Every structure is written in C-alpha cells, then in structure tokens.
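Undergrad: prediction below, plus the sequence it came from.
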Amino acid sequence: MNSDLRFDNTEIAFSQKSSSELRKAYLMFKMMSNPKWVSFGSNLALFGLKVRLPLIPQIIKSTVFRQFCGGVNRSDCSDLVSDLNQNGVKAILDYSVEGQESEEQYDKKTASIIDSLQTVNGNDGEAFGVFKPTAIGAYSVFENALNTDAKQDTKEAFERIRKRYVSIFNEAARLNVRILIDAEETWMQDSADLLALEMMERFNTNDLIVYNTFQMYRHDRLEVLSSWISTGRNKGFKVGAKLVRGAYMEKERERALKLGYNSPICKDKKETDINFDNAIRLVFENIVHCGLVVGSHNEASTLLTSTLMKENGIEPGDPRISFAQLFGMSDQITYNLAAHSYNAIKLIPYGPIREVLPYLIRRAEENTSVAGQTGRELTLITKELKRRSILN
C-alpha cells in the first residue's frame, strides 16, 4: 500500500470546521448510530412536512440538511465551493430532488442540467456535471422500455429520454465538461445503462465526457464493466466509470424477497469490498481506455487506488483518476487526499428541504446500516476535539 498516504490526520481532515461545527456533527452521527432514532426522526420529518408543522423545516435545516446538503440552490453553495477549492478540493453540485413526473418537468430539468454545464465550465472549483436518469424521464418508462411487450407510448417516451440525453451530452462535449450519470435500482438500470453506453460510444471517442455509475454491491457489475471496456476497445471509445458500493441495498433485498427472485446484491460486505476492489484493478489494467472516479468512503479501497497509481507511474493529479466522497462524510479521506495533490472531490447535494428529504432519509439510513461508517466518523471527530482541547 501507499505508505505516504494516511487518513488519521484529523488536523488536516477538519481544518475547515470550527469546534462548534464538529460538536454538532458528533451529535448528528451519534443519533444516526441508533436505528430507532433514525426511524423515528424520518417518520416525524415526513409527517411534519405533510401536515405542515411550522418547526419541522427549521429543525431539518439546522440538523441533517446542514450536515449533508450545500443549500437550497446552486448560489447557496458558492461559498462552500470556494472554501473547498482553497483546500484543494473540487465540488460536484447535485440537484437531489426526486419524484418529478411530468414531461414538462423532465424538459425543464434537462434545460436546467444544460444550463448548469455553463457554470461548471466557468468554475474551476467544479469537477463534473451530474444527473439522475429519472430526473429526466419517468421511472416506469425506464423500468419497462426494454420489455418485448412494451407499449407504444412507453417506446415513444423512452425515445424522448434518449433525445434529452443527447442534448445534454452535446452541450457537455461542446464545453468539454465531464458528466456523471447516477445509478438507480436494478429494475430500471438496464435501460439507463443502454443509454449511457450509447452516449459513451458517441461522445467518448476522444475525450472522456460520459461517466456511468457502477454499484459494486451488485454481484454482476464487475462482469458488466469488463464487457463495456471490451466493447469500448473494439469500437474505439473510452469508458468513464464511477465506482460506488451502492445506495439501495435494503430496498433491493426486500423486493427480491417479496417477488421471489435471487437478490442482485452481494451476500455480505466482504464480498462487496472484493467486488469493488477488483473493479479498481480492472480499470487500471485497462487505464488507456478508461477514466475512473472512486466514489468511496472506504479507506482501504482509496489506498489501493493510490498504490496502483504509484505502481503504474500515474501522478496524483492525473485527470483520469479522481476520488469522491459525499459532503458531510469522510473528511479524513477527502482532505488528506487533497493534501497529497490527488483529485479530491466532494459531491454536494442541494435543493429545497421538502424535495431533498428522501435523499436525506436515505443518507441517514445508510449511515445506520453500513457497519463501521458512523463509528469511524465519531472516532475521528472525538480525536480532533481532544486534540484541540489539549492545544487550548
């Protein structure tokens, strides 16, 4: 492993946070370590917003929203992006609103994504554009478009989605702005993957513009990634791969159990970790044909990537390799990577509180379910608070 890179330097990790902010973060992660508190808080927030209890939005804003979101709109995030950039960290601003359902809304969202590319292009502090497939097309269309008995209106709707993809990536290619396509649940992902692969073949022949997200807690993703790399090599395009462990584990397993099919999720965390690290190795074996974003809060996978870079003579700032963590989490990884000149990125969700609540609930539930994540955050925050108390 790369002995030069360590993640236990809390002075670097939390240099941008005051002691008051650290204590608030400690309380937030302490609460998320208790599944009962997470369940109670999530249900209370949903109910409170539904019946419009006056204090609920302010409570959400001052707690979980402040921890994991950059603001209500892009302009709210500008100071944060600037602060990150001063510390050698770039940003990805992600409008994390879910549940839009009309063609008019999908067209407006597409136009908004295209407009945001101008901002990314003109701001050195932003590294990528990003969008979620179901932000620009109906979930049901993605779910059913590839069925042999798909209805004509579904086929037509899917073609409109394809045109939205093309318009987004035409502008991205014109501006030379890279875009991450988020991954979603397995039962709609095949359609999204089809479009992502089409866009790579069309727009990744010279520069890496299109990056698809591979959720490596799915036991089939390593084979899919390998197939895409082979296809790209044969057809003359590059594969942009953002690797994540995954975001819908409980939902995936519950649906598989309910409908009686084999779960697409790896049997345990160890298997997921092996799958993730093997995907990293696969990309490095084909780095001439690939770009990589390691979207991970896992220190071992991050160290593996930095070690492979060193072994392959790839400099820390090489644009083909980036590391991304969610805003509000794993600062020890992000800021220590930046201190060693790696391409370190924070993905910053934003949007109106009511609309981003589903994202925030999922974030809290994931921190509760992922073994060791919350405990690691608490340990590092405690270490830094003790260090500061000794100095003072």
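TA: Perfect, thanks for sending it. In this text, all values refer to a predicted model and were calculated from it rather than measured experimentally. Numbering: from 1, shown residues only.

Undergrad: assign a three-state SS to Gly240, would you?
TA: What DSSP: H, G, I helix; E, B strand; the rest coil gives for Gly240 is strand.

Undergrad: list of residues touching the helix or strand where Leu22 lies?
TA: According to DSSP states H and E, Leu22 maps onto helix 19-32. With contacts defined as CB atoms under 8 Å, 6 or more residues apart in numbering, helix 19-32 is touched by 14, 17, 37-38, 41, 63-64, 66-67, 328, 364, 367-368, 374, 377-378, 381-382, 384-385, 388. For the C-beta atoms, the positions are set from N, CA and C on the backbone; glycine is no exception.

Undergrad: please redo it, this time with the cut-off set to 6 Å
TA: 37-38, 67, 364, 367-368, 374, 377-378, 381, 385, 388 (CB atoms under 6 Å, 6 or more residues apart in numbering).

Undergrad: also stretch 308-320?
TA: 2, 284, 291, 340-342.

Undergrad: can you tell me which helices and strands the longest helix along the chain packs against?
TA: Taking DSSP state H as the criterion, the chain has its longest helix at helix 152-175. Packing contacts for helix 152-175, counted by 3 or more CB pairs under 6 Å, 6 or more residues apart in numbering; DSSP states H and E, involve helix 103-122, helix 139-144, helix 186-203.

Undergrad: in it, what counts as buried?
TA: 154, 157-158, 160-162, 164-165, 167-169, 171-173, 175 (16 or more other CB atoms under 10 Å).

Undergrad: ditto for stretch 119-139
TA: Those would be 119-121, 123, 125-139, for stretch 119-139 by 16+ other CB under 10 Å.

Undergrad: likewise for stretch 87-100?
TA: Buried, per 16+ other CB under 10 Å, within stretch 87-100: 88-98, 100.

Undergrad: rebuild those as CSV, extending it with distance to Ile181, pLDDT and secondary structure.
TA: What follows is those, written out as CSV (distance: CB to CB, whole Å; pLDDT from 0 to 100; DSSP: H, G, I helix; E, B strand; the rest coil):
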residue, distance to Ile181, pLDDT, secondary structure
Gly88, 26, 96, coil
Val89, 22, 97, strand
Lys90, 19, 97, strand
Ala91, 18, 97, strand
Ile92, 12, 96, strand
Leu93, 15, 95, strand
Asp94, 12, 90, strand
Tyr95, 14, 86, strand
Ser96, 15, 74, coil
Val97, 17, 70, coil
Glu98, 16, 61, coil
Gln100, 17, 63, coil
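
Undergrad: now those in a markdown table, with distance to Tyr359?
TA: Output for these, formatted as a markdown table (distance: CB to CB, whole Å):
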| residue | distance to Tyr359 |
| --- | --- |
| Gly88 | 27 |
| Val89 | 21 |
| Lys90 | 21 |
| Ala91 | 17 |
| Ile92 | 14 |
| Leu93 | 14 |
| Asp94 | 9 |
| Tyr95 | 10 |
| Ser96 | 4 |
| Val97 | 8 |
| Glu98 | 7 |
| Gln100 | 14 |
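
Undergrad: among the residues you listed, which one sits closest to Ala192?
TA: Glu98 (14.8 Å; CB to CB).

Undergrad: which residue ranges of the stretch 251-392 of the chain form helices?
TA: 269-285, 299-311, 331-339, 353-369, 373-391 (DSSP state H, counting those that start in this stretch).

Undergrad: follow-up on the earlier one: contact partners of the longest helix of the chain?
TA: For helix 152-175, using CB under 6 Å, 6+ apart, the contacting residues are 110, 113-114, 117, 121, 136-137, 141, 144-145, 179, 195, 199, 203, 209.

Undergrad: now the helix or strand just after it: average pLDDT?
TA: Next helix or strand after helix 152-175 toward the C-terminus (DSSP H and E): strand 179-181. For strand 179-181, the mean per-residue pLDDT is 98.

Undergrad: show me what strand 179-181 is packed up against.
TA: So strand 179-181, by 3+ CB pairs under 6 Å, 6+ apart, packs with no helix or strand.

Undergrad: quick one: it to chain centroid distance?
TA: Computed by CA atoms, centre = their mean, to the nearest Å, the separation of strand 179-181 from the middle of its chain amounts to 10 Å.

Undergrad: list the neighbouring strands of that strand plus their orientation.
TA: strand 129-131 (parallel), strand 210-215 (parallel) (DSSP bridges).

Undergrad: between the contacts of helix 19-32, which sits nearest Asn278?
TA: Asn367 (25.5 Å).

Undergrad: which one of the helices and strands packed on helix 152-175 lies closest to Leu259?
TA: helix 186-203 (9.5 Å).

Undergrad: run through who's touching that closest one.
TA: Contacts of helix 186-203 (CB under 6 Å, 6+ apart): 133, 142-143, 145-146, 165, 169, 173, 181, 209-210, 212, 235, 237, 264.
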